[in-house]
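# Turn this into a structure:
(2 chains)
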Amino acid sequence: GENVEQHPSTLSVQEGDSAVIKCTYSDSASNYFPWYKQELGKRPQLIIDIRSNVGEKKDQRIAVTLNKTAKHFSLHITETQPEDSAVYFCAATMTTWDWGKLQFGAGTQVVVTP
Amino acid sequence: NAGVTQTPKFQVLKTGQSMTLQCAQDMNHNSMYWYRQDPGMGLRLIYYSASEGTTDKGEVPNGYNVSRLNKREFSLRLESAAPSQTSVYFCASKPAAANTGELFFGEGSRLTVL
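Numbers count the residues shown, from 1 in each chain, chains lettered A, B, ... in the order given. Prediction:
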């Protein structure tokens, strides 16, 4: 089955700096890679996703890149703000026909200090 | 429009007791999922239901059963709770189309088994 590894487990950045979180996956058939943000005590919420036929996707200050050959994908947050402090989870599909069946990484705690 | 609603939000059980976690969505989604979240392990899929009348096992189904009561409701039952089932449980739903990915999560149910 799919296995997703996520690094780093914690990330401290100064406000205004960039943050990068990296994930690797094992199943070359995986074709959908979402990123979820979870604030303390809240539910996970999708912030960006990418399909396997796309190399990069941007949405304002966040971007995701995908390298299918190397089987890794990354989340980039630019101009970080205190409200970016949260746990971020990457994920990959466990089955190509149901994008709700996800294998999640262990999460990255991002702390943005003013 | 409440989205995905889970009950109860908190529950303490003794080993061997049984209980049912309830989940309901009002977004007319066909697919529903139960995930558990443990520190340092991300979210793991317990069971899912691709459509009304169907259920199937996810990554960690042992010790659980599910019922897709109708299109709106998907319940998770612990028949004989064990301390290893102490976790935060999230219900999620999404539209049926295979290549739509966003999962809509409930607020979570925190379960402690003593």
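
# can you dump the C-alpha coordinates of stretch A:88-102 into PDB?
Only the C-alpha atoms of stretch A:88-102 are listed here, as PDB (Å, rounded to 0.1, in the frame of the first residue of the first chain):
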ATOM      1  CA  TYR A  88       0.100  20.800   8.000                       C
ATOM      2  CA  PHE A  89      -0.500  17.300   6.600                       C
ATOM      3  CA  CYS A  90       0.400  16.100   3.200                       C
ATOM      4  CA  ALA A  91      -1.500  13.100   1.700                       C
ATOM      5  CA  ALA A  92      -1.600  10.800  -1.300                       C
ATOM      6  CA  THR A  93      -4.300   8.600  -2.700                       C
ATOM      7  CA  MET A  94      -4.400   5.000  -1.600                       C
ATOM      8  CA  THR A  95      -6.600   4.100  -4.600                       C
ATOM      9  CA  THR A  96      -6.600   6.000  -7.900                       C
ATOM     10  CA  TRP A  97     -10.400   5.800  -8.200                       C
ATOM     11  CA  ASP A  98     -11.400   7.300  -4.800                       C
ATOM     12  CA  TRP A  99      -9.600  10.500  -3.900                       C
ATOM     13  CA  GLY A 100     -11.200  10.400  -0.400                       C
ATOM     14  CA  LYS A 101      -9.100   7.300   0.500                       C
ATOM     15  CA  LEU A 102      -5.900   9.000   1.600                       C
END
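
# That one and chain B, are they touching?
Yes. Using CB under 8 Å from any CB of the partner chain, stretch A:88-102 reaches chain B at A:89, A:91, A:94, A:97-102. Glycine gets a C-beta too; all of them are placed from N, C-alpha and C.

# Could you give the number of residues near the residue in chain A positioned nearest to chain B?
Here chain A gets closest to chain B at one residue, residue A:104, 3.5 Å apart by CB to the nearest CB. Applying other CB atoms under 10 Å in any protein chain shown, we find 24 residues neighbouring residue A:104.

# Skipping adjacent residues, who's closest to it in space?
Of all residues not flanking residue A:104 in the chain, residue B:42 sits nearest, at 3.5 Å (CB to CB, 6 or more residues apart in numbering or on different chains).

# what does the helix or strand bottoming out on mean pLDDT in chain A rub up against?
When the helices and strands of chain A are scored by mean pLDDT, DSSP states H and E, strand A:98-104 comes last with a mean of 91. Strand A:98-104 is contacted by residues A:1-4, A:25, A:32, A:34, A:36, A:89-95, B:31, B:33, B:42-45, B:48, B:50, B:58-59, B:92, B:94, B:98-101, B:103 when judged by CB atoms under 8 Å, 6 or more residues apart in numbering or on different chains.
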